[in-house]
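A.B. asks: no sequence for this one, just the structure:
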C-alpha cells in the first residue's frame, strides 16, 4: 500500500473504477482503430512511459505508438485489472493479449503475438478526468484483502460485491503467474475444494509447480456472475499460456525475442462466499452449478449515476452469458470476451466487444491459435423486464478477407 488511502464513498469508488476501465478501453480501441487523438487523450501532456526505452511527453509517446500502422490489423484485448485508488491518484495494472498481423512487400504474412502483456500505470485526476501520468516500471500489487468502501445501499452493495468478486479472481490468477503460493492461498476459503478432491493447500501449491516454466499467463475474460447475498457463482473463460525456459528466438522480421509457448483455453466454474467481511474462493469444478441463462435483476434505483453503472454491469454480463451459451451448445469453441465499448441510450444499448475465439478440431485436439481468432462482436441490446437482452448480434472475423 502507498501511504494512508482516503476512504471514498462507495459510489465515488465505483465511478472511478468504471472511468479507469473506460480509459483503457479508449486506449486499446484507439490504437487498433488508428484513432491517435483518442489515444493521446488518455495521457497527461508530461507523461513518462517506458516501452523498452523511455518516452517523455505525450507527443513523443504518440509518435512511437503510431508505429502500429506497420500492421494492417492489431488487436489489444484487455483482461483483468487491479486498481488502487487514493483521492486523485490511482495505480492500475491491466493484463492484455496482443495480436499483430501485417504483410511484407512481397505479400508474405507477418504475425507477432504477445500473450502476456501487462500495463503498469500511475494515473492522476485532472479537470475531472483520469489520465495516465506514468507507464511502465515494477508493479506494486494491492493486497488480496484490500478493503472496499462500506455501504448500506443495496444497489451499491451489489455493484461493490461484483467488483470484489472479479478482483479476487484476478488476484488468484496473479498469484499463479507470480508463483506466489501465499497469495493464491489467501484467496481460498479454509474448506476450499476443487472437484471434491483437491484441498486449499494442494491447490495453492500449483503456483510453485509453475516454476518449471519461464513464465505463465492466466488471462481472464469478462465473467458471468450470479450473486445472491453472501454467495456467488462465477463462470469465467480464460486463456492459459506456458512459456518454455531457455534462450528465446528472434522474430525473423521484427527482431523481438519470442519464446516457445503453449496456450490452452479454459472455462472455470467457481463458488465464492463472503466471510469475515471479504470474499473467498470456496469451490471450483463440476460440483459448482453453472450460471443461469439470465442474470437476476439487482434492486431498483432512481439515481442516474448508479443506474448507468448497473446498466453497464448487466450489459457486460449478458454478453458473457451469450458466449457461455454458445460454447456449451457448440462443444468445441471457446470465446473469451475482453474490452467492450458500451453506449446506452434509454432502453437500448450498442456494444462492440473484443473476442478471441479458439476451437478444438473434433473436440480433442490442440486448440487453434488464439491470435488467429480475433473477432469483434457488434450487439444491440434492449431493456426487458428490468434486465438487458441481446436483440441483434453480428460477428466480424477481423482476419477474414474483405
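C.D. replies: Now that the structure is in, tell me what you want to look at. The structure presented is a predicted model; accordingly, all values stated were derived computationally and were not measured.
A.B. asks: What average pLDDT does the helix ranked longest in the chain get?
C.D. replies: Looking across the chain with DSSP state H, the single longest helix is helix 304-330. Mean per-residue pLDDT for helix 304-330: 95.
A.B. asks: What is the subsequent helix or strand relative to it?
C.D. replies: Remark: after helix 304-330, the chain's next helix or strand is strand 333-345, criterion DSSP states H and E.
A.B. asks: tilt between that next one and helix 304-330?
C.D. replies: 150 degrees (axes from the mean of the first three to the mean of the last three Cα atoms, to 10 degrees).
A.B. asks: Just the buried positions in the longest helix of the chain, please.
C.D. replies: Within helix 304-330, the residues that count as buried by 16 or more other Cβ atoms under 10 Å are 306, 309-324, 327. Heads up, the C-betas are built off the backbone N, CA and C, glycines and all.
A.B. asks: try stretch 49-59
C.D. replies: The neighbour-count check on stretch 49-59 (16+ other Cβ under 10 Å) flags 49, 55, 58 as buried.
A.B. asks: Same check on stretch 21-34?
C.D. replies: With burial defined by 16+ other Cβ under 10 Å, the residues of stretch 21-34 counted as buried are 21-32.
A.B. asks: now the strands for the stretch 51-200 of the chain?
C.D. replies: Using DSSP state E, counting those that start in this stretch, the strands found in the stretch 51-200 of the chain span residues 53-56, 73-86, 89-103, 109-126, 129-135, 188-194, 198-199.
A.B. asks: From the contact counts, what lies against the fourth one?
C.D. replies: Contacts of strand 109-126 with other secondary structure elements, assessed using 3 or more Cβ pairs under 8 Å, 6 or more residues apart in numbering; DSSP states H and E, are made with helix 10-33, strand 89-103, strand 129-135, strand 215-220, strand 231-243.
A.B. asks: Provide the strand pairings for that strand, with the direction of each partner.
C.D. replies: Strand pairing for strand 109-126, using DSSP bridges, gives strand 89-103 (antiparallel), strand 129-135 (antiparallel).
A.B. asks: contacting residues around the most centrally placed residue in the chain?
C.D. replies: The centroid of the chain falls nearest to residue 79 when counting by Cα atoms, centre = their mean (2.1 Å). For residue 79, the residues meeting the contact criterion (Cβ atoms under 8 Å, 6 or more residues apart in numbering) are 94-97, 219-221, 338.
A.B. asks: The nearest residue to it once chain neighbours are set aside and residue 272, how far apart?
C.D. replies: Spatial nearest neighbour of residue 79, chain neighbours left out: residue 95 (3.7 Å); criterion: Cβ to Cβ, 6 or more residues apart in numbering. Distance from residue 95 to residue 272, counting by Cβ to Cβ, to the nearest Å: 20 Å.
A.B. asks: out of these two, which sits in the busier spot?
C.D. replies: Shown here are residue 95 and residue 272; by other Cβ atoms under 10 Å, residue 272 has more neighbours (26 against 23).
A.B. asks: May I have the residues that are in contact with that one?
C.D. replies: Going by Cβ under 8 Å, 6+ apart, residue 272 touches 165, 168, 231-234, 279-282.
A.B. asks: just residue 212 next, same as before
C.D. replies: Applying Cβ under 8 Å, 6+ apart, we find residue 212 in contact with residue 245.
A.B. asks: who does the lowest-mean-pLDDT helix or strand in the chain pair up with?
C.D. replies: When each helix and strand of the chain is scored by mean pLDDT, DSSP states H and E, strand 257-258 comes last, with a mean of 88. In the sheet, strand 257-258 lines up against strand 249-250 (antiparallel) (DSSP bridges).
A.B. asks: What are the contacting residues of the partner strand?
C.D. replies: For strand 249-250, contacts defined as Cβ under 8 Å, 6+ apart pick out 256-260.
A.B. asks: Top of those by number of neighbours, please.
C.D. replies: The most crowded member of the contacts of strand 249-250, judged by other Cβ under 10 Å, is residue 259 (18 neighbours).
A.B. asks: so that one touches residue 244, yeah?
C.D. replies: Yes - contact criterion Cβ atoms under 8 Å: residue 259 and residue 244 qualify, at 6.1 Å.
A.B. asks: got any residues that touch both of the two?
C.D. replies: residue 214.
A.B. asks: distance of residue 115 from residue 57?
C.D. replies: Distance, residue 115 to residue 57, by Cβ to Cβ: 30 Å.
A.B. asks: er, residue 300 actually
C.D. replies: From residue 300 across to residue 57, the span is 47 Å (Cβ to Cβ).
A.B. asks: Using the record, which stretches count as separate domains in the protein?
C.D. replies: Per the record, the chain has its domains at 1-142, 143-291, 300-402, by automatic domain parsing.
A.B. asks: Can you report how many residues neighbour the closest residue to residue 191 other than its chain neighbours?
C.D. replies: Among residues not flanking residue 191 along the chain, residue 282 sits closest, at 6.7 Å (Cβ to Cβ, 6+ apart). A total of 20 residues lie near residue 282 under the criterion other Cβ under 10 Å.
A.B. asks: Sounds good, over and out.
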